[in-house]
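Asker: okay, sequence plus prediction incoming.
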Amino acid sequence: MYVGCERELNPNALLHVPVAVSQYNPYGKLQETSSEEVDKRLIVRPGRPVNVSGDDINGSLIAVSYEARAEGVKRNDRGRDAVKKCPQLRIVQVPVKHGKADLTMYRDASYRVLNKLVASVKENAPSSQAGKILVEKASIDEIYIDVTLVAHEMAQRVMMEERKDVVESEQSDDSDQKEAAASSAKYTSYWQDILHNLGAARCTTVGGVEEISANALAANSLSKDEIRRGSQFQVLDSSGETPLDSGSRTWWQRNLGDWSDLEIALACGAALAARARSDVASQFTTKTKDGREGTTFTLSAGISTNKTLAKLASGMKKPNRQTLINPEEGDTLQKLFHPLPIGRIKGLGGKFGIELSEKLGVATVGDVAKLSLGDIERCYPPSPDNETAQFLFNISRGICTEEVNDRTICKSIGCGKTFRNHLALDPSNEDDIKKWTGELCGELTERLAVDRKENLRTPKLFGVSVHMSDKKRSASKSTPTPNSFERYSETAIKLIRRIAKPSSGSKIEGLTVFVSSFVEVADEANSIMAAFGKAPTRKVSDGTAVQSSWDKIRARATEKKPSLKNMWSQGTENMNKSNEERTDKSGDCEEAKEGSVDEIVSSSGIDPEVFSQLPPSIQAEIRMSHGNALKAGSSEKRRSGINGWLTQKQSASSEASRGDVDKASQKRLFAPSNPNDIDQDFLAELPDEIRASVMKDVAAHNRSLQRQSSGSSKRKKGIDSFFAPSKKK
């Protein structure tokens, strides 16, 4: 993925040659670079002077092209060692920002590639089932797609066409027609489309029946770490044009009547994967100045009945290939799955894998498969909270019940940095702690601003993770998200102090700031605050400016939705009725005086064009909130500014469901409530400015409670007192 990004930006220097992407060297001279500075970031190229100082070329490699892997270059190799293995190697350094690697361009590329992949799968699926496809993004370059329902519908159509051909054959009296009908049953029109037009039979290796080469056997025995680093055993023809092995070709060429229902469904899944991979390769191509063309992003795929086997299959043939595993196919599991080191299976690596090997005396998945459930339970007794034994028993037999979670955006966002050896941070060094929390929080807030705009969400939890030199594991602390980006660094330092004590003598070797627990927020273009700013304009073909954004806001205002972005319109009708009652019945409130719009907007900052398009009731509210006096003797005074306007909308909206607003209910519009009862989801929808005001009022309220005597009861102030439902008398 990373190499593809660099080739897309700089095809003239990087296409069709060995390429590696390196981390900056933390011990070298750290210089900030942007993704567009391709020549500056190309730090090593054959026949050219090194582009950086000596130490800087020796960064660790984080991505290696297949051309370089074929020469023995591996991920995590140092730059100088890699060049010795492959003298033709080009090394590109990642962009650097905030004192660390800037991965923004790679995340953007991941989004574009995976979007195209999923779109292609849905386009080629039956329309009735396309909406039922589940997509789970596992990492920046890995995705799971559940096409179970789609594949079964495609398989049913294949089988229906086959039965139709057989019936026509049996009803025919002509022996030649019978023979022709029997022959057509081998490849119905739809089945042929799956095999050839979508491309399943051209590029799909069938695990377990393939004619396995020595390289393939060696690749299958690689450990998880060796696979991550890359191996020459994984390298095939990157064009994907190498013919399939004889075993796979024979499997695809069988008569349709010899296929099981599961095999047909798997073939349909393979067809969708083959077309999607082809569509991605076609879209992401580039060309050099001398006319050479190349694909920047190629994909490998695995097709099977569950996530574990699909993951295994995807790594068996690289690059630009796909593999199908049918767990019901004879001794497929014994050939492909059981020889794997147990660390290759998700959840069985690291310390648990070591413990598992020692307790059960196993080294491979096949060793676990030889044990009975009782044997495993003796080492891992079952309990309601511990199903380890059942998991091990199932997974060793290719049974995985983990579902594909329909999720394409991350559940948390974090920014971290490692400080090795003499770069480790001293907790007592205030300047270093402040510098790096500022850098990390700066990157985090930049990513959050983009995430909020793209995904309309905001985090509720903010935390830090610190790895100390005298600890084996990182320690984490979290707190509610600060109400402004400016306070992130300040909050992070406070959390760090709770973990890293200056007097401990230990140093900080790793530091991460993160956010999680996201909640949805209103689109800022349609939020309350946006309605009071200058409406954005766009140019049409004749050059005139039109204010389309405001039209959209006003259109949304007519919808009755219980979210903040439409709340102001929900209260309008009820407020009109309430205003009429106050005027007709009691005469408590006099009409707003006709002040000039200029006077109002000059003091409030409201755009005059926006003000003129507001509903009359809202205009009246704003006029009164900016200095128009209530009638003398009025028992209630309106609150000023956007705070008062907002509280009335919330209160009036909640009262609307109880019918007409009488005088008693009017008083309840301003009844105080506990600020701590504020709905956090509702609070998260507020613009930052208003949310900060609310939180300030909450803090002031809590301080006030501490000062009050047990029998005192003071009226609470601020818009927060109207967020909770009014109490019935």
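Answerer: That came in fine, so what should we check first?
Asker: pLDDT weak spots in the stretch 51-200 of the chain?
Answerer: 51-55, 165-188 (pLDDT under 70).
Asker: quick one: contacts for residue 93?
Answerer: By CB atoms under 8 Å, 6 or more residues apart in numbering, the contact list for residue 93 reads 21, 22, 23, 24, 33, 41, 43, 52, 56, 59. (C-beta placed from N, C-alpha, C; glycine too.)
Asker: one more pass at 7 Å, please.
Answerer: Taking CB atoms under 7 Å, 6 or more residues apart in numbering, we find residue 93 in contact with 22, 24, 41, 43, 59.
Asker: what's the pLDDT at the first one?
Answerer: Looking at residue 22, its pLDDT is 94.
Asker: and for it, the neighbour number?
Answerer: 27 (other CB atoms under 10 Å).
Asker: quick check: closest non-adjacent residue to it.
Answerer: Computed as CB to CB, 6 or more residues apart in numbering, the closest residue to residue 22 that is not its neighbour in sequence is residue 59, at 4.1 Å.
Asker: residue 441: neighbour count?
Answerer: Counted with other CB under 10 Å, residue 441 comes out at 26.
Asker: quick one on the thing from earlier: could you list which of the contacts of residue 93 belong to strands?
Answerer: Members of those lying in strands (criterion: DSSP state E): 22, 43.
Asker: for the residue nearest to residue 22, give me its contacts.
Answerer: 22, 23, 24, 25, 79, 93.
Asker: of those, closest to residue 72?
Answerer: Distance to residue 72 across those (CB to CB) is lowest for residue 79, with 14.7 Å.
Asker: mind checking how far that closest one is from residue 25?
Answerer: 8 Å (CB to CB, to the nearest Å).
Asker: re the thing from before, farthest-apart pair in the contacts of residue 59, please.
Answerer: 24 and 79 (10.8 Å).
Asker: re the thing from before, touching both of residue 79 and residue 25, which residues are there?
Answerer: By CB under 7 Å, 6+ apart, residue 79 and residue 25 have these common neighbours: 58, 59.
Asker: related to what we said a few turns ago, now the contacts of residue 93 as a markdown table including distance to residue 102?
Answerer: Converted to a markdown table, the contacts of residue 93 look like this (distance: CB to CB, whole Å):
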| residue | distance to residue 102 |
| --- | --- |
| 22 | 14 |
| 24 | 10 |
| 41 | 11 |
| 43 | 16 |
| 59 | 14 |
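Asker: nearest to residue 436 among the contacts of residue 93?
Answerer: Among the contacts of residue 93, and counting by CB to CB, the member closest to residue 436 is residue 24, at 15.4 Å.
Asker: which residues touch the closest one?
Answerer: Contacts for residue 24 (CB under 7 Å, 6+ apart) come out as 30, 59, 93, 94, 96, 101.
Asker: of the residues you listed, which belong to strands?
Answerer: By the criterion of DSSP E, membership of these in strands covers 93, 96, 101.
Asker: what sits up against stretch 33-42?
Answerer: 9, 10, 13, 51, 90, 92, 93, 95, 96, 105.
Asker: nearest to residue 141 among the residues you listed?
Answerer: residue 105 (13.5 Å).
Asker: burial of that closest one, as a residue count?
Answerer: The burial count for residue 105: 18, using other CB under 10 Å.
Asker: quick one: the closest residue in space to it that isn't next to it in sequence from residue 275, how far?
Answerer: Among residues not flanking residue 105 along the chain, residue 35 sits closest, at 4.1 Å (CB to CB, 6+ apart). For residue 35, the distance to residue 275 equals 31 Å [CB to CB].
Asker: kindly report the same for residue 430.
Answerer: On the measure of CB to CB, residue 430 and residue 275 end up 58 Å apart.
Asker: ditto for residue 208
Answerer: For residue 208, the distance to residue 275 - CB to CB - is 24 Å.
Asker: same check on residue 137?
Answerer: From residue 137 to residue 275 the distance is 20 Å (CB to CB).
Asker: isn't residue 301 up against residue 314?
Answerer: Yes: counting by CB atoms under 7 Å, residue 301 does reach residue 314; the two are 5.6 Å apart.
Asker: need the three-state assignment for residue 477.
Answerer: Counting by DSSP: H, G, I helix; E, B strand; the rest coil, the backbone at residue 477 sits in strand.
Asker: pretty sure residue 321 sits against residue 298.
Answerer: No: Residue 321 lies out of contact with residue 298 (CB under 7 Å); the separation is 9.0 Å.
Asker: count the residues that sit near the closest residue to residue 498 other than its chain neighbours.
Answerer: The shortest distance from residue 498 to any non-neighbouring residue, by CB to CB, 6+ apart, is to residue 477 (5.2 Å). Using other CB under 10 Å, residue 477 has 16 neighbouring residues.
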